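> Just the structure for this:
(one chain, ligands or ions: 1)
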Amino acid sequence: MIDLYGWTTGNTYRVLVALEETGLPYKTTPVNLRERDQDRPGFLALNPMGQVPLIIDNEAPFGRKITLSQSMAILLYLAEKSGQLLPAARAERAHALETLSLVMTDLVAPVNFGLSLEREEGSSAGLAFGEARAMRALAGIEQRLGACSFLSGGRFGAADCAAFPMIHLLGTGRLKDLPATLRWYREAQDRASVQRALAAIF
Ligand SMILES: N[C@@H](CCC(=O)N[C@@H](CS)C(=O)NCC(=O)O)C(=O)O
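Predicted coordinates:
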């Protein structure tokens, strides 16, 4: 059983979609960010960064319990554990990882940074910067989805799990000139795994 510590944020939903896709058994534990549960000693002992998501896998494949933070590392761990979420062929796998990296560093990171700057400093400049970077990343995503059914290649995988919550947050208005991305978004939204992830209770 995998314990997922999380809250209703994109970084947690990314892991929820991956858990639902793989079918690995898990249970959720809320870390209420509004009440700053992340700063409590019990949680800091698990993740000194005081951030969610975090998983504890009590049945790690190498026979020991593992505690893991960072949503991208968690996606890759779940891919390895389940044998799903990444293509087996090496060239396809390399492109799936390239796309995962694009999603996390060029789409998710700048938007989240902009949102934090706005929330904590009241600055809209950070959000404008984040959005401009996001549109560039979406152009890269559009190109990928023009050539493949999914961001991870022929099957929904780690890069798709990573991208869905952020594209969901950005909204379909930003996808009007990106037909392949809009097609992908609608298909992803209809997946049972994504629906279950979005309905998860914290
Ligand atoms: N790079 C990390 C970012 C995690 C992160 O920023 N988590 C936020 C919620 S979305 C958080 O826990 N914030 C609480 C805080 O920073 O105090 C990941 O991908 O998991």
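> hey, let's count contacts and neighbours off CA atoms from now on
Noted.
> measure residue 51 to the ligand for me?
Separation of residue 51 from the ligand (Cα to the nearest ligand atom, to the nearest Å): 3 Å.
> quick one: that residue and residue 36 touch, right?
No - using Cα atoms under 8 Å, residue 51 is not in contact with residue 36, being 10.1 Å away.
> Look at the two and report which has more neighbours.
Neighbours of residue 51 and residue 36, each counted by other Cα atoms under 10 Å, are more numerous for residue 51; the result is 21 against 10.
> Can you tell me, leaving aside adjacent residues, what's nearest to that one?
With sequence-adjacent residues excluded and distances taken as Cα to Cα, 6 or more residues apart in numbering, residue 51 is closest to residue 38, at 6.2 Å.
> One more: residue 104?
Computed as Cα to Cα, 6+ apart, the closest residue to residue 104 that is not its neighbour in sequence is residue 162, at 7.0 Å.
> Relative to the ligand, how far out is that neighbour?
For residue 162, the distance to the ligand (Cα to the nearest ligand atom) stands at 9 Å.
> before we move on, which element is residue 5 in?
Secondary structure assignment for residue 5, by DSSP states H and E: strand 2-6.
> Contacts for the helix or strand that that strand is followed by next, please.
Using DSSP H and E, the next helix or strand after strand 2-6 towards the C-terminus is helix 10-22. If you take Cα atoms under 8 Å, 6 or more residues apart in numbering as the criterion, helix 10-22 is touched by 6, 25-26, 52-53, 71, 74-75, 78, 82, 84-85, 157-158, 161-166, 193-194, 196-198.
> Check stretch 158-171 too.
10-11, 13-15, 17-18, 72, 75-76, 79, 85-86, 96-97, 99-100, 103-104, 107-108, 150-152, 185, 188.
> How about residues contacting the helix or strand of the chain with the lowest mean pLDDT?
Across the helices and strands of the chain, mean confidence by mean pLDDT, DSSP states H and E is lowest for helix 109-121: a mean of 90. Residues outside helix 109-121 that contact it (Cα under 8 Å, 6+ apart) are 123-131, 133-134.
> near the ligand, anything from it?
No - applying Cα under 6 Å from any ligand atom, one finds helix 109-121 out of contact with the ligand, separated by at least 7.7 Å.
> tell me which residues in that helix are buried?
109-112, 114-115, 117-118 (16 or more other Cα atoms under 10 Å).
> Which parts of the protein are strands?
2-6, 26-30, 54-57, 66-69 (DSSP state E).
> what's the domain layout of the protein?
Under automatic domain parsing, the residue ranges defining each domain of the chain are 2-85, 90-195.
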